[in-house]
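1. Build me a model:
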Amino acid sequence: MKQFSFLLLFLCSTFSFAQTKNNNYDLFVQYNGAQITKKVSAAEVLNHSLLQKLNKSSQFISNDELNAVVDLKKNATFLGNFTDSITYTQATIPLKDSALLREILLRQKESNDVIADDNKIEILDFGTFSMIKSDPNNKKGTLAWNKDFMVVFEYTTKFPRNAYAHSYDDEDYDDYSEEQEAYAVTDSAYIVVDTAAVGILNAEESYETVYDGPTVYDGPVETAVVGDLEAAEAYNTVEVVEETGEDQYDTEVVEMDEEDDSYETYLNKKALFEKTQTEKQVAYVKSLFNNGFTAPYSDKIDSKADISSWINYGSFLESTSNMYKNIRALSGLTNYFPKEYKFGDFVKGINLNAYFDNDNIRLEEIVEYNDEMASIMQKVTNRKVNKNIYAYFPAEKPLAYMSYHLNTKELLTNIPSFINQFLGGKSEFNKDIALSIDLISTLVDEEAISTLFDGDLSFFLHNVKKVDITTKTYEYDENYESQEIENTTTKSIPFFSMVFTSTHPTFGDKLIQLLVRKEFLQADGDLYYFTKTTEYGDFFILKDKDVIVIGNVPDAFDKFSNGGFVKDIKSKLSKNSLMAAVNFEELAKSYQEQVKNQSNDDAKLIKLSHQFNRLEMQSPKKLKNNKLRFDMRLNAVKDNKNIILQFLDAFEEMK
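-> The predicted structure follows:
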């Protein structure tokens with residue numbers, strides 16, 4: 001009895017997890033209703049005056065009806081798979097009142113009946129769930145629902161553009177394969193084999209296509225044997241399946257011309273493909289509801305975020321394969337570059353999460369690496385900042401700044417590992433460049449090169465001011481003699497400085513002296529000014545041992561200052577490899593002081609800056625569980641209402 005109970009518990013848990021959890025997604029986005037509605041209610045958002053005004057033009061559903069139909073306190077998801085044999089997207093929305101949804105759809109049907117018969121909405125009932133009847137000749141997503149959930153599902157595989165061509169070269173074959181179809185070369189027949197549709201079209205050299213997916217017809221069908229040319233000639237038709245009821249199908253035969261490879265024939269093949277795909281799409285949606293629908297779930301999603309998403313990075317890279325093939329073909333070096341490329345799993349995936357609070361909105365990006373790549377990235381990001389750089393940080397908080405610090409020595413040393421991770425160690429290209437990598441590693445001293453730029457880089461926008469800018473031009477007089485002419489104009493320019501480190505013992509000093517000898521620079525105390533005047537003021541270079549400063553505002557920093565800004569950023573950079581911020585309020589104020597005649601758009605942007613005053617970014621040095629995090633936060637001036645409502649307020653005022 002104890003063994004039976006254990007087995008029963010094991011089977012129940014197994015089926016439970018099998019029904020609710022599936023990580024085989026390339027994209028998974030989840031609206032965490034239970035989390036976000038703790039901060040702001042759905043009614044508050046939907047009843048906002050801006051959305052109410054926008055909703056007046058909608059004849060489909062009102063905001064009140066939307067709130068009554070959709071249960072916004074539960075999770076809604078959008079997912080997709082773009083790399084498996086069958087690509088698809090699926091939206092799942094929790095329902096509060098399925099009967100009201102039906103009423104709204106029937107109301108839409110009545111309004112559409114007046115417009116055109118083709119737009120009719122027909123609802124099919126299957127006991128525990130209902131479905132909008134899909135038109136096989138008009139490929140769209142299939143919508144179905146039960147008392148708890150509404151689902152919109154669509155197969156997204158496209159019919160290959162080269163499917164109507166007489167013959168295929170190697171690259172066409174690769175392209176066709178990437179459309180997730182299986183092929184078998186035949187001598188003289190193009191054969192489409194499916195449980196619901198079979199067609200044979202002559203082609204000079206073509207392929208058998210086997211469609212996977214749910215069965216939409218269980219009755220007997222005629223099939224053609226690959227390579228059986230007599231059967232292929234005898235079966236010179238395409239059988240099309242049409243839905244006539246719940247589970248009843250009729251067939252019609254469409255004659256196809258063996259010798260016609262025109263665009264019209266291609267369109268016929270495409271229509272057949274899409275019709276079959278729609279039928280499979282309907283059958284699959286039925287299978288989701290037949291035994292009770294269970295909402296999709298992914299453990300890659302952060303349930304603490306208001307909106308959380310997961311992206312399969314490998315799938316994203318695979319989606320660039322067509323672009324790679326085009327570049328390969330245009331380069332004329334097709335014999336050198338590999339016919340296809342494969343990427344390693346150096347990035348397992350990326351999480352994008354959003355948090356909406358009263359005084360800020362925070363966006364979080366988390367990049368998950370494999371073990372080897374994570375070890376490399378940890379060495380690159382975990383750099384100890386050169387303390388000498390702080391002497392040239394501004395004494396006062398700037399309008400905007402960005403400070404990024406990485407270990408360039410580790411970065412250069414691990415370039416071979418980066419390439420191996422990127423190509424996955426499987427591609428032809430990896431073998432082709434192995435010799436080049438060995439040669440470069442032998443000739444190049446990574447440690448010496450890294451001293452040219454150690455990895456500390458900081459940029460500061462100090463102010464925006466009006467200044468008189470004098471520029472020199474040369475013109476010819478009536479005697480064709482060159483004359484120097486000075487022009488002075490007043491304009492607003494940004495004052496900025498860029499600070500970085502270089503510990504090479506001689507290169508920096510020798511380069512500056514070379515520029516002085518060539519009269520590109522002119523010495524003025526510790527500063528070296530560029531001799532050519534510019535419309536953005538006088539640029540200078542300052543070198544103090546291993547610190548180099550480039551900018552147009554030499555008095556923006558107080559050397560060896562221990563002001564509040566320096567102390568604050570020192571503390572933050574001890575834990576972060578990246579720090580950045582933009583003070584929108586002060587930036588707008590500075591702009592407002594310089595511009596007399598403001599446009600309406602300028603006034604709106606300035607007003608917006610008084611509501612959302614500061615943007616901040618940071619990235620910690622240390623990786624946790626092989627994950628590198630980037631945070632971005634937009635701060636609001638007010639904290640008396642959720643930032644979503646503040647955004648709606650701001651947009652309404654701007655309109």
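2. Gly349: neighbour count?
-> Gly349: 22 surrounding residues under other Cβ atoms under 10 Å. For every residue, glycine as well, the C-beta is placed using N, CA and C.
3. can I assume it is in contact with Ile311?
-> Yes: counting by Cβ atoms under 8 Å, Gly349 touches Ile311, with 6.1 Å between them.
4. Work out the sheet partners of the helix or strand Phe153 falls within and label each with its direction, please.
-> Phe153 is part of strand 149-155, with elements assigned from DSSP states H and E. According to DSSP bridges, strand 149-155 has the following sheet partners: strand 88-94 (antiparallel), strand 142-145 (antiparallel).
5. highest average neighbour count across those?
-> strand 142-145 (a mean of 22; mean count of other Cβ atoms under 10 Å).
6. Quick one: mean pLDDT over that one.
-> Averaged over strand 142-145, pLDDT sits at 94.
7. send the alpha carbons of that strand over as PDB?
-> Presented in PDB, the C-alpha positions along strand 142-145 are these (Å, rounded to 0.1, in the frame of the first residue of the first chain):
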ATOM      1  CA  THR A 142      -7.000  31.200 -33.800                       C
ATOM      2  CA  LEU A 143      -8.900  32.500 -30.800                       C
ATOM      3  CA  ALA A 144     -10.500  30.100 -28.200                       C
ATOM      4  CA  TRP A 145     -11.500  30.400 -24.600                       C
END
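8. which intervals of this protein have sub-threshold pLDDT?
-> Within the chain, the ranges that satisfy pLDDT under 70 run 1-23, 57-59, 109-120, 136-137, 161-261, 317-344, 422-433, 533, 556-563, 595-598.
9. nearest to Lys465, of the strands paired with strand 149-155?
-> If you check each of those against Lys465 by Cβ to Cβ, strand 88-94 wins as the nearest, at 51.6 Å.
10. Keeping just the C-alphas, turn the closest one into CSV.
-> What follows is strand 88-94, C-alpha atoms only, in CSV (Å, rounded to 0.1, in the frame of the first residue of the first chain):
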residue,chain,number,x,y,z
TYR,A,88,4.4,29.7,-33.3
THR,A,89,3.2,32.4,-30.9
GLN,A,90,0.6,32.1,-28.2
ALA,A,91,-1.0,34.8,-26.0
THR,A,92,-2.8,33.6,-22.8
ILE,A,93,-5.1,36.0,-21.0
PRO,A,94,-7.0,35.2,-17.7
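11. who's in contact with that strand?
-> Under the contact criterion Cβ atoms under 8 Å, 6 or more residues apart in numbering, strand 88-94 has outside partners 33, 70-71, 74-81, 141, 148-156, 295-296.
12. pretty sure Phe540 contacts Gly525?
-> No: between Phe540 and Gly525 there is no contact under Cβ under 8 Å: 10.3 Å.
13. When those two are compared, which one has more neighbours?
-> The neighbour comparison of Phe540 against Gly525 (other Cβ under 10 Å) goes to Phe540, with 20 against 7.
14. For beta bridges, what are the partners of that one?
-> Tyr529, Gly551.
15. most remote residue from this structure's center?
-> Asn479 (62.4 Å; Cα atoms, centre = their mean).
16. mind checking the SS state of it?
-> coil (DSSP: H, G, I helix; E, B strand; the rest coil).
17. can you pull the contacts of it?
-> Contacts of Asn479 by Cβ under 8 Å, 6+ apart: none found.
18. I'd like to know how many residues surround Glu481.
-> 8.
19. Please state the backbone phi and psi of it?
-> phi -110, psi 140 (degrees, to the nearest 10).
20. any idea how far Glu475 is from it?
-> From Glu481 over to Glu475 the distance is 10 Å, taken as Cβ to Cβ, to the nearest Å.
21. Next: Glu446.
-> From Glu446 to Glu475 the distance is 52 Å (Cβ to Cβ).
22. More neighbours: those two, which one.
-> Using other Cβ under 10 Å, the more surrounded residue of Glu446 and Glu475 is Glu446, with 16 against 9.
23. Provide a list of residues in contact with the more buried one.
-> Here Glu446 is in contact with Lys409, Leu412, Thr413 (Cβ under 8 Å, 6+ apart).
24. what do you get for Tyr355?
-> Contacts of Tyr355 by Cβ under 8 Å, 6+ apart are Ala305, Asp306, Ile361, Arg362, Leu363, Glu364.
25. neighbours of the closest residue to the second one other than its chain neighbours, just the number please.
-> If I follow you right, that is Asp306. Once flanking residues are discounted, Asp306 sits nearest to Ile36: 4.1 Å by Cβ to Cβ, 6 or more residues apart in numbering. Residues lying near Ile36 (other Cβ under 10 Å) number 22.
26. roughly how far apart are Ile36 and Ala305?
-> To Ala305, Ile36 is 9 Å away according to Cβ to Cβ.
27. same check, this time on Leu46
-> 21 Å.
28. more neighbours, the two?
-> Ala305 (22 against 18).
29. Could I get the contacting residues of Lys304?
-> By Cβ under 8 Å, 6+ apart, the neighbours of Lys304 are Asn32, Gln35.
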